[in-house]
Structure formats: structure tokens, C-alpha cells
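> build the 3D model from these lines:
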Amino acid sequence: MSSRTSALRYYVLTRLLLAPLMIWTITTVVFLLLRATPGDPVDALLGARAPESAKDVLREQLGLDAPLWLQYLRYLGNLLQFDLGTSIASQGQTVWQIIQAHFPATVELTLCGMIVATVVGVSVGAIAASRPNTAIDAGGRLFGIITYAIPMYWFGMILQLIFAVQLQWFPIGTRYPLTGSPPTGPTGLYLLDSLLHLSPAQFGTTIYYLALPSLTLGILISGVFERMVRVNLKQTLQADYVEAARARGIPETRILLVHALRNALIPVVTILGLTFATMLGGAVLTEVTFSWPGLANRLYEAIAQRDYPVVQGLMVFFGMIVAVISIAIDILNAYIDPRIRY
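As a prediction, the model looks like this:
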């Protein structure tokens, strides 16, 4: 076995062993923070004026009367059995059922937002880097700063007021028309299911309802990609092999697209993967602003209702997604660049 292969296996094993520690840390922090914040889930369910006897009965049924350490051990035991818990606000509904019902909407919004962010960010960054020290370059820098700094909820409300309320170009508040029949299929993704059923009408309607929230999310995230592409592409355009390509008379456009941009995008791939993982669990403001029926919006509702099992279960689920994607990216980078392993 070569030293490079041995180093790669050691690196992969180390990253895999750290993943459970990361998930356990997230679980513990969420568990403690929920119980440290003011408010009682029993009061949220029965109301503050409910009889104390009724509150005590419900608290015993939910296991909230047990000592904190015992609640924690019970929760860890359930997690080891892949039991994320059962909602105390939505009676009888498990966290896995909530994920199955709402996660496809979050995935669809995140994918469309990432497509918008990648196309806009890479395009603006490449154009700005190809014209250094010009007004276009300054405009690219300004675009990156503004999109990174604008609050998500404010930008979403402004776009809704302009394009949904005033111009009435786009709908808001739902994923599909309430009077229509959404696509049905094994994935829960309306875009994919409509394609599987060969239904262009349902596909077009899904795109129509996705347009405004995905544009909002994508444009604000695109600033991160623009800055990464612009900085890395500027450095790449000064490399020796680029100068050699120019000396051979290769057109500047071909140098930019084929030689320079390809190498400049290598670090962007890492940021893209981590951003996608973060957006899956962090699109709360977008989903709440647009009343999008995704998992992040459901998490927001659970926090407002003091629904401990749902909040804990969804945070663990999001933590697992981030851990898996980050490990996959680290392994891919270690495979491409041997320097990362040492």
C-alpha cells in the first residue's frame, strides 16, 4: 500500500469518526438551550390559566417531570434507535413524518436557489475579474457586498410587494395552487414528479410558484460565489500557463472560459457544497417570509410552540445533513489535492 493511499484512508477514517461527535454536540447543545430558554411547552399546549392538576398530568405524560439528566439519557437512547421523537403539539405525528411531509419543499427551494446563486454569482464574478480595475470590476465588488449584507426577510418582503402585490406577476404564500392538483410521486419533489408523469402543465406551475422565493434566496447567496470567483479568477489570470496561452495566440475568451475559470472554480466547489448544506437547514427566513411549506418553516413553528421533540429532531436531522455533506467535500478535496491529508 502506497503512502498516499494510506494517508487518504487515515484522513477519511478520521473524518468519519468525528461525525458522530459533531452530531452529539449539536444534540446536547440544542437539548440544553431549549430547556434554558423561558417558557413551558405545557403552558403552550394548555394555556397559562389551565389548572395545575391538568398541567401536572400532561407534564408526566410527556416525560417532562423527570430530572433533566434522565430526560437527556432517554433522548439519547431514542436517537440510538433512530427515533427522533413525536410532536407534542401535533398529536401522534412523529418527527420522521414531519420530515417526509415538508423536507421535499425545502430541497426544491434550495436546489432552485442554488442554481440561481451559481449562475448569477459565477457570471458576475467572471465578468468582473476579466476587467480588473474598471467600473465593471467595481460594480462586481459592490454587487457582492450588497447581496451579502441585505437582510433576507427585508429583501423578500420588498420583492413580494413589488412583483406579487403591485405588479401581480408572481403568487405568494403557497407551493402550488390550492384549487389545483399537485404532482404526486415517490420523491415529493413537484418538479421531478411532474417530469416523471410527463406533465408540462404541472411542471410550469411548479416553476411559476418557485420563481420568486428561489430568486430571493439565490440572489442573496450569489454574492458569496461572486466574491470567491472574482478573487480566484484574478489570481488565475496572472498564472504562467495563462500567459503562455496568450503568447500562443489563443483568444482571450477561450483562455477565460477553458483555462482560467476551470481552475478558479475548484475552491468554489467547496463553498458551494457547504452553502447548499447550510441552506437546507438555514432557509428559515426565506420560508417564513414567503410562507413556504418547507421543513425550516416547520421548525420555526415548532420553536414558537415550544415543541421540544420536533425542534430537537429537526436540528439533529439538519446536523446530520451538514455532517455528511461536509465529510463528502473533505474527502473529495483530499482525493484531488494530496496536500490536505498531511
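
> run a quick check on Asp43 versus Ala54, I expect a contact.
No - counting by CB atoms under 8 Å, Ala54 is not a contact partner of Asp43; they are 11.2 Å apart. Every C-beta, even on glycine, is put in place using the N, C-alpha and C of the backbone.

> what ranges do the helices span in the stretch 1-150 of the chain?
Remark: helices assigned in the stretch 1-150 of the chain by DSSP state H, counting those that start in this stretch are 3-36, 41-46, 52-62, 68-80, 95-130, 135-149.

> quick one: which of these is nearest Ile250?
Minimum separation from Ile250 across the helices of the stretch 1-150 of the chain (CB to CB) falls at helix 95-130, 14.5 Å.

> what helices or strands is that closest one leaning on?
If contacts are counted by 3 or more CB pairs under 8 Å, 6 or more residues apart in numbering; DSSP states H and E, helix 95-130 sits against helix 135-149, helix 190-196, helix 200-237, helix 266-282, helix 284-289, helix 295-304, helix 308-336.

> contacts for the second one?
Put plainly, it is helix 190-196. Applying CB atoms under 8 Å, 6 or more residues apart in numbering, the contact partners of helix 190-196 are 104, 108, 175-176, 182-187, 200, 202-203, 206-207, 210.

> circling back: figure out which of the helices and strands packed on helix 95-130 is closest to Met22.
helix 308-336 (5.2 Å).

> now the angle from that closest one to helix 95-130?
Angle of helix 308-336 versus helix 95-130, following axes from the mean of the first three to the mean of the last three CA atoms, to 10 degrees, is 40 degrees.

> could you give me the buried positions within helix 308-336?
308-319, 321-323, 325-327, 329-331, 333-334 (16 or more other CB atoms under 10 Å).

> same thing with stretch 185-197?
Across stretch 185-197, burial judged by 16+ other CB under 10 Å covers Gly188, Leu189, Tyr190, Leu191, Leu192, Asp193, Ser194, Leu195.

> how far away is the first one from Ile99?
When CB to CB, to the nearest Å is applied, the distance between Gly188 and Ile99 equals 10 Å.

> kindly report the same for the second one.
Plainly put, Leu189 is 14 Å away from Ile99 if you go by CB to CB.

> again, but for the fifth one
Taking CB to CB as the criterion, Leu192 is separated from Ile99 by 18 Å.

> one more: the fourth one?
Taking CB to CB as the measure, Leu191 and Ile99 are separated by 19 Å.

> of the helices of the stretch 1-150 of the chain, flag the one that's most buried.
Of the helices of the stretch 1-150 of the chain, the one with the most neighbours on average (mean count of other CB atoms under 10 Å) is helix 95-130, at a mean of 21.

> which non-adjacent residue is nearest Arg74?
Residue nearest to Arg74 in three dimensions, not counting chain neighbours: Gly63, with 6.7 Å by CB to CB, 6 or more residues apart in numbering.

> that neighbour: neighbour count?
14 (other CB atoms under 10 Å).

> again with Gly85
By other CB under 10 Å, 21 other residues sit near Gly85.

> local confidence estimate at the residue nearest to it when sequence neighbours are not counted?
Nearest residue to Gly85, sequence neighbours excluded (CB to CB, 6+ apart): Pro309, at 3.1 Å. Predicted confidence (pLDDT) at Pro309: the value is 84.

> wait, doesn't Pro309 sit right on Leu79?
No - Pro309 is beyond contact range of Leu79, at 11.2 Å (criterion: CB under 8 Å).

> returning to that earlier point: can I assume the residue nearest to Arg74 is in contact with Gln71?
Yes - assessed by CB under 8 Å, Gly63 is found in contact with Gln71 at 6.4 Å.

> so Val30 versus Val311, what's the distance?
With CB to CB as the criterion, Val30 and Val311 are 7 Å apart.

> identify the contacts common to those two.
Common neighbours of Val30 and Val311 (CB under 8 Å, 6+ apart) do not exist.
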